[in-house]
Every structure is written in structure tokens, then in C-alpha cells.
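J.: give the three-dimensional model of this entry:
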Amino acid sequence: MSSLLSIHVVNKSNNTLHHSVPYTPPSPVHPLAEGHVKARASLVSLTSNNLAYARLGSSWDWWSGYQVPSSLPPPYNDASQYGIVPTWGYGEVLASRVPGLELGTQLWGFWPSNSMAVDFKLVPDEPEGHWRDVTKSRAGMMSYYHRYQVANLHGKISALSSNDLEKVAWQTVFLPLFACGYWTSKYVLGPQPVHPFGAPGAEWTKEDADLSKAVVISLSASGKTARAFTDTLFHSREPGTGPLGFLAVSSKPDAEWLTSGKLPSRAVAYADATSDETTKWIRDLHPSRMVIVDFGGRAGSLDSLMTALKSSLSQASLKIIGIGGTATAMQSPSELAAFAKIARIPERVQMNTSAVRDVLIERDGAKAVFDELDEAWRGFEVRGFAKGLKLKIGKGAGGEEGFEGGWRGLCEGRADAVDGVVYRMDLDA
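T.: From the prediction side, this is the model:
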């Protein structure tokens, strides 16, 4: 890798304005402090979640994760205007003064969307092989983004066979999203309920979580987090815990995995979600509750669905769990008002994966939480979670084949929600 890198920067007020900027790392390199490692991303993903990291970057401190270098040419070095979108993936330790983390160790975690070397202050965490980033500049981010895990891959990303690389690439796409879908189905809507926002003392009763007399509706059911939720609903819930039925609302309702013989289930297009046929199917199941899990449905789809349900099933109570948002880029801060309006819907509660995990770790212990999640992930893999999906492996931060081109496609709506997109940062130049 040459000393000249590409840094992809995004305008914080209008996320569709973005640039790839040449960057030369400083020389000489400052000595590494005790307890610190220097590491660099090697394989990272690009999903609609990255749009949320940019859209809400100031509110949730995601922009503080990896700030633009001051040596970039103006105006791209102005951290009040531009930021680096963080992303999930694998990285490699380049230098270490942390016992137990040797040179070449591969880590799973949260990285900048480029190949810039990052200084982390890491402390050991539970279970073994997990590390927590306590770097002051990233302290404002939620705990979910502070955890790094030693990755047991079959070699460096650059040395993997094509089959192994494809498997690891799909992991890079789905791992950040799987936990949210799994925990929503298993615990937020399970017999050992956890509040969707992880709020200690907040009211989220067993009745709120009970699906035994409910029909569950998944909005944007073809999305990646929704796949994990649906898989858990079909395969990992305790017998007798419901639901009475499952309705998947999707732009691709013909996908076979959206329905199951294990419970009454149906997949429909957005245009058919409020049809007489669909509402009759729901009524015939005689639910006393309706639970909508909104994974970022099309604009207006939630309002239309709520209106139809309140009209045709007035006797049934309604609960909405919000997960993610529409896959659109923010072009003006004023657009945040639309998200705030959705958040104020009385029947709606927002899911916060980080806070839910914190509650589970405190309640059950970190080892039990991650052992269970690992086992669930293996089942998800065996059942072919990537059915019907296309994988694209790009290169680097800049250019049309790099993160820059992927970001442009995401902003313009050209990136298909059912695709998996990753970038080889170890090949960046």
C-alpha cells in the first residue's frame, strides 16, 4: 500500500454532497502509547445503516468516531462541515502496546470508511477475545460501537480463497444487523421482555411483548435486519409464544423465505398491504393485538397501514416498533423533522440495539449473551440467509468502484436493498 490514501468525506448538512480527497499520513509517526493499538480497516460494508450514521451523526455522536484529518485541503478539513462515515467490518492490528493483541491480529468492529490507520485505546472485556475501545474522542458513541472482537478467520483478508472471501464478505454485511433482528424477536417480543429502547424502569410489560394473540406485520421485510427478525420468528422462538400470523410487506413479495409453514404467513407488495383481501386475512386470524415492526418502510406506508388497521380491526390494540428509517440520504437538516414526527406516534416505540444489548449483558452476563448470539448466527447461516442476494466486492474509499461510488448509488437510490456491498480497504492506494 502506498503512503497516499483516499479519504471519503460527506457533507454533514447535505449527505448527497461527498468527495474523495487524497491524504498523506503524517510522518514521522507519533510513538504508540501504552495500552494502545494502531489498526486499519481491511474489509467493510455499505448498507442503508450508513445513511443513518450520516443523517443522525450529530445527534448520536457518530461523526465523532473518525474525524476528518486537519491536513486535508479546505474545506474538507473543516469538521463542522464534513465528516467520515463510519462502518462495520474487519481490520488488522498494525502496531500494538496491548498485551494479548499482537501485530497482525484481525479485529471485528467499527471502522472509518477508508484505510487510514486509527489509534485505539483498548481494554479487555468479557467474554475472552472481546475488547472495549475507551478512546476519549469516541466516548460519546453508544457502547455497541466500542466493542472489538478478535476474528478467527482463515488468514488475512488478502490471503483468503475466493470462497472464504465471499463467506466473510456476507458476514461483514449481515453481522452488524443480525443482532438487532434477533433480539427484537427473541427478547423485545419474547417471554423475557426487554424494553426496545433498553430503558431501565420504563414500562414494557409481558403484555406488551406477548405475541400469542397477535399478528405481526413486517414493513420493508426484504431488508437485512428484517431477514434476521423473520428467521428468528420462524425458527428460534419458544413453542406457544406466537404469533397468530405474520404478514411481510415488501417490494419483493415473491421471496420464498418471507413465509413459512410453521405459522400462518403471507407476503404482499406495498400496494396490497391495505387491500380488502389482506385485511380479511388478518381478521380471520382473530387477533386482539397488531404489532408492526417498521424496518424503514416506504414513505407513507406506515400511515396507510395504521389507518387501514384502525378501520378494519378497531377491536385490536396496536403497537409499532421502529427499527431504522427509510433508505434516503438527508439533503437538509429540516428533513429531520419528518423523522421526529414519526417518533411522536403514540403507539410507536423506537428500538435501540445498543441499549438492549446492555440490558441483556447486565441481566444474563456477556458470555451467555454472545454464546447465544453466535449459536443463533450459525443457524441463520445454515438456513441460507443470503438466498436471492447478489454480492459486490469493491475496492478502496475513492472512485466509482470504491466506497465513494457506493455512497453515490445509495444516495441516488440506485443501490438495491437486497444486495450486499463490501469494500476491500486492504487494496486501497
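
J.: can we go C-alpha only for contacts and neighbour counts from here?
T.: Will do.

J.: what stretches of the stretch 101-250 of the chain score poorly on pLDDT?
T.: For the stretch 101-250 of the chain, the stretches flagged by pLDDT under 70 are 200-201.

J.: show me the strands in the stretch 51-200 of the chain, by range?
T.: Remark: strands assigned in the stretch 51-200 of the chain by DSSP state E, counting those that start in this stretch are 82-83, 86-96, 106-112, 118-125, 130-133, 147-150.

J.: I'd like these as TSV, with mean neighbour count appended.
T.: Listed next are the strands of the stretch 51-200 of the chain as TSV, based on neighbours: other CA atoms under 10 Å:
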stretch	mean neighbour count
strand 82-83	26
strand 86-96	24
strand 106-112	24
strand 118-125	18
strand 130-133	20
strand 147-150	20
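
J.: as JSON lines, the ones you listed with distance to A366 would be great.
T.: Formatted as JSON lines, these follow (distance: least, CA to CA, whole Å):
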{"stretch": "strand 82-83", "distance to A366": "33"}
{"stretch": "strand 86-96", "distance to A366": "21"}
{"stretch": "strand 106-112", "distance to A366": "17"}
{"stretch": "strand 118-125", "distance to A366": "9"}
{"stretch": "strand 130-133", "distance to A366": "10"}
{"stretch": "strand 147-150", "distance to A366": "12"}
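
J.: of these, give the one that comes closest to G245.
T.: For those, proximity to G245 was assessed by CA to CA; strand 86-96 is nearest, at 33.7 Å.

J.: so how far is L107 from G35?
T.: G35 sits 16 Å away from L107, taking CA to CA, to the nearest Å as the criterion.

J.: what does W183 give?
T.: 23 Å.

J.: P253 too?
T.: For P253 relative to L107 (CA to CA), the value is 37 Å.

J.: contacts for the helix ranked longest in the chain, please.
T.: Longest helix in the chain by number of residues (criterion: DSSP state H): helix 162-183. If you take CA atoms under 8 Å, 6 or more residues apart in numbering as the criterion, helix 162-183 is touched by 43-47, 88-90, 154, 157, 224-230, 232, 353, 356, 373, 377, 386, 391, 393, 420-422.

J.: again, only using 7 Å
T.: 44-45, 88-89, 224-226, 228-229, 232, 353, 420-422 (CA atoms under 7 Å, 6 or more residues apart in numbering).

J.: how about those in JSON lines, adding distance to P31 and secondary structure?
T.: Formatted as JSON lines, the contacts of helix 162-183 follow (distance: CA to CA, whole Å; DSSP: H, G, I helix; E, B strand; the rest coil):
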{"residue": "V44", "distance to P31": "27", "secondary structure": "strand"}
{"residue": "S45", "distance to P31": "30", "secondary structure": "strand"}
{"residue": "W88", "distance to P31": "27", "secondary structure": "strand"}
{"residue": "G89", "distance to P31": "26", "secondary structure": "strand"}
{"residue": "K224", "distance to P31": "41", "secondary structure": "helix"}
{"residue": "T225", "distance to P31": "41", "secondary structure": "helix"}
{"residue": "A226", "distance to P31": "45", "secondary structure": "helix"}
{"residue": "A228", "distance to P31": "43", "secondary structure": "helix"}
{"residue": "F229", "distance to P31": "45", "secondary structure": "helix"}
{"residue": "T232", "distance to P31": "47", "secondary structure": "helix"}
{"residue": "T353", "distance to P31": "36", "secondary structure": "helix"}
{"residue": "G420", "distance to P31": "38", "secondary structure": "strand"}
{"residue": "V421", "distance to P31": "35", "secondary structure": "strand"}
{"residue": "V422", "distance to P31": "32", "secondary structure": "strand"}
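
J.: what angle separates the longest helix of the chain from strand 86-96?
T.: Interaxial angle of helix 162-183 relative to strand 86-96 (axes from the mean of the first three to the mean of the last three CA atoms, to 10 degrees): 120 degrees.

J.: please export the C-alpha coordinates of helix 162-183 as CSV.
T.: This file holds the C-alpha atoms of helix 162-183, laid out as CSV (Å, rounded to 0.1, in the frame of the first residue of the first chain):
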residue,chain,number,x,y,z
SER,A,162,-12.5,-16.7,-3.2
ASN,A,163,-14.9,-19.0,-1.4
ASP,A,164,-13.7,-17.9,2.1
LEU,A,165,-13.7,-14.2,1.0
GLU,A,166,-17.3,-14.5,-0.2
LYS,A,167,-18.3,-16.0,3.2
VAL,A,168,-16.5,-13.3,5.2
ALA,A,169,-18.0,-10.6,2.9
TRP,A,170,-21.5,-11.8,3.7
GLN,A,171,-20.7,-11.8,7.4
THR,A,172,-19.4,-8.2,7.0
VAL,A,173,-22.8,-7.3,5.5
PHE,A,174,-25.1,-9.1,7.9
LEU,A,175,-23.3,-9.3,11.3
PRO,A,176,-24.0,-5.7,12.3
LEU,A,177,-27.7,-6.1,11.6
PHE,A,178,-28.4,-9.7,12.7
ALA,A,179,-28.3,-9.0,16.4
CYS,A,180,-31.0,-6.3,16.1
GLY,A,181,-33.4,-8.6,14.3
TYR,A,182,-32.7,-11.5,16.6
TRP,A,183,-33.1,-9.6,19.9
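
J.: after that helix, which helix or strand is next?
T.: helix 206-209 (DSSP states H and E).

J.: residues near L211, how many?
T.: Per other CA atoms under 10 Å, the neighbour tally for L211 reads 25.

J.: kind regards, and thank you for your time.
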